[in-house]
Structures are given as structure tokens and as C-alpha cells.
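show me the folded form of this:
(one chain, ligands or ions: 2)
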Amino acid sequence: MPPFICVTCGTQYPEAPLPPEQCLICTEERQYVGWAGQRWTTLDELRLDHHNRQAPEGPGLLGIGTEPKFGIGQRALYVRTSVGGFLWDCISLVDEATVSALQALGGVTGIAISHPHFYSSMVEWSRALGGVPVYLHADDSQWVVRHDRAILFWDGDTREVAPGLTLIRCGGHFAGSAVLHWADGADGGGALLTGDTMMVGEDRRSVGFMYSYPNCIPLNARAVERIGASVEPFEFDHIYGAWFGRNILSAGNQAVRYSVRRYLHAISDRGQS
Ligand SMILES: [Zn+2]
Ligand SMILES: [Zn+2]
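Ligands and ions are numbered 1, 2, ... in the order given. As a prediction, the model looks like this:
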């Protein structure tokens, strides 16, 4: 009885003789069912023709993503701190090569995930890494399809998960959408790891905010103002998005302020005409 994985979004479901009829994540308005219909795979199948690429994304930060692209195509980030490693966001393919590489770098003390689109194979990762806790915001608990005692729901607006590593709930894309602030990141300038809560643009100088990225459903002004206000008390020079290379490598705080102003202008009646 393998745990089935949705091919379109990469979410892993609990062990079952047959896959579910539909995927909870993909049938929701923020995602979509693959154009060839609902398809499923398993970890064993995935390991046959996919592997994980590891690449440095910044000081003390290792990106881990699956090749060829699988599901949404995001990469996770391994944060190296003086008190051990921490995994931000998650991917579907768990393999021995990646697990041993992370253990060799100092292991993983916990996993935190920005929002349900990246829950992927989180339970499998936790188990492979020794049963480490998986921090998810309680406001998104309805989107967890594979429950496990390693899942630790946090609530409120901030939560320190390790010294100098603070989860910040911004909301917007999902009610519990979060980012991770790393005080010692960017060689001491501070780093913000954003997942889809803020999407680093192709210009790598600004971020975007959406309720649904693939279906182009915008957020209202209040939600975007709130995202900006949530991170305002934190200092960060670098912003790391959810894909390889989608990073802003200077003046992160200013980039968020500028992006919030730009968004509010764009949706106002004074925006593009
Ligand atoms: Zn799905
Ligand atoms: Zn998303």
C-alpha cells in the first residue's frame, strides 16, 4: 500500500490500496487539475527517473529541488545555523542521497513549510530525518491530507523555531501563509525565506502577492498591506523565493516596501490605464 502522490501538485496522501478520487489541493480554486486529468505516482516510481539537485543559494543556504521538474517545481532550502540545520519548505522526492547529504552537513532539527502547496512529502521527510517536527500554521490545518504526530501546528503571528529563526504569519495566499526570518542570514544582514507568500519576480528586485498564481486571482489591498506590515519589524538584506535563483540579494526590506506600494497602485483606479 504505497502513499500516492499527486503528479500536478506533488502532495503525498496516506497509505491506501487505491489513490483518492481527486486531489484536495488541485480541485481547489488556487490550483488546477493537470490537463491530462488527475494522475498519481509513488515515491518508488519517482525515484526511477528523477533525482534531487543541490545547489548553494546564498551564504549558509543550500537549495534542494527535483530534476526533471516535478509537481509545482519548487525547491526547499536547507539553512545551516550554529545550532544545527533547518529545512524550509519541502519537495516530493525523498531519496537517500539527499538525506545523507543533509545528515553530513549537520542534520536537520526541524522543518517548516510556508503553505499547503508545498506540504508535498513532508511526513516522509520528517521520518527520513529522524522524526523531526514539521511546523505548519494552524490556520491551514484543513489542507493537511497526511496526518502524523510529527506535525506541530503553531498559531498566532510569530513563532521562533530555533535561535534566530522566526516564522512570521503573513496570510494572503493562504490564511496561514508564512515566511521564515533568519537573523544571521545574508552574512548577518538578515534573510527572509518566502515560499509563495511573496513571490520573487523574474526581475529579482521585487515580489508579487496573489491569492492564486496559476489562476491569476489577486489579493485585496488590506491583505497586501498586512503582508508588508508583518515583516516590517524584521531586518533582511536577502529574500529567497521558492525556485532556484529567484532571490533578491540586496536591500530586501526596501524591495518589499516598494512591491507593496506598486501593488496597491496597480489595483487602484489610478493604476495602469
Ligand atoms: Zn494535487
Ligand atoms: Zn502556492
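
local confidence estimate at P56?
Looking at P56, its pLDDT is 98.

err, V108, not the other one
With respect to pLDDT, V108 has a value of 98.

check E225 too.
98.

so what's it up against?
If you count contacts by Cβ atoms under 8 Å, 6 or more residues apart in numbering, E225 has them with 260, 264. (C-beta placed from N, C-alpha, C; glycine too.)

check for me that it belongs to a strand.
No. Using DSSP: H, G, I helix; E, B strand; the rest coil, the assignment for E225 is helix, not a strand.

what parts of the protein come near ligand 2?
Applying Cβ under 5 Å from the ion, one finds that the chain approaches ligand 2 through 117, 196.

correct me, but D89 touches H117?
No. Contact between D89 and H117 fails when scored by Cβ atoms under 8 Å: they sit 9.6 Å apart.

now do the shared contacts for those two.
Residues touching both D89 and H117 (Cβ under 8 Å, 6+ apart): Q74.

buried residues in stretch 130-149, which are they?
Of the residues in stretch 130-149, 132-137, 139-140, 143-146 count as buried by neighbour count, 16 or more other Cβ atoms under 10 Å.

next, the distance between the ends of it.
13 Å (Cα to Cα, to the nearest Å).

likewise for stretch 86-97?
18 Å.

can you tell me, leaving aside adjacent residues, what's nearest to E21?
Q38 (7.8 Å; Cβ to Cβ, 6 or more residues apart in numbering).

and the one you found, what does it touch?
Per Cβ under 8 Å, 6+ apart, neighbours of Q38: 6, 8, 21-23, 26.

just P14 next, same as before
3, 145-147.

with Y258 instead?
Contacts of Y258 (Cβ under 8 Å, 6+ apart): S206.

ok so, going back, out of the contacts of Q38, who's near ligand 1?
Counting by Cβ under 5 Å from the ion, the members of the contacts of Q38 near ligand 1 are 6, 8, 23, 26.

show me the residues you listed that map onto strands.
C6 (DSSP state E).

picking that back up, of the contacts of P14, closest to ligand 2?
V145 (15.4 Å; Cβ to the ion).

mind listing the helices for the stretch 51-200 of the chain?
Listed in chain order, the helices of the stretch 51-200 of the chain (DSSP state H, counting those that start in this stretch) span 96-104, 122-128.

who wins for neighbours among the ones next to ligand 1 among the contacts of Q38?
Neighbour counts for the ones next to ligand 1 among the contacts of Q38, by other Cβ atoms under 10 Å, peak at C6, which reaches 27 neighbours.
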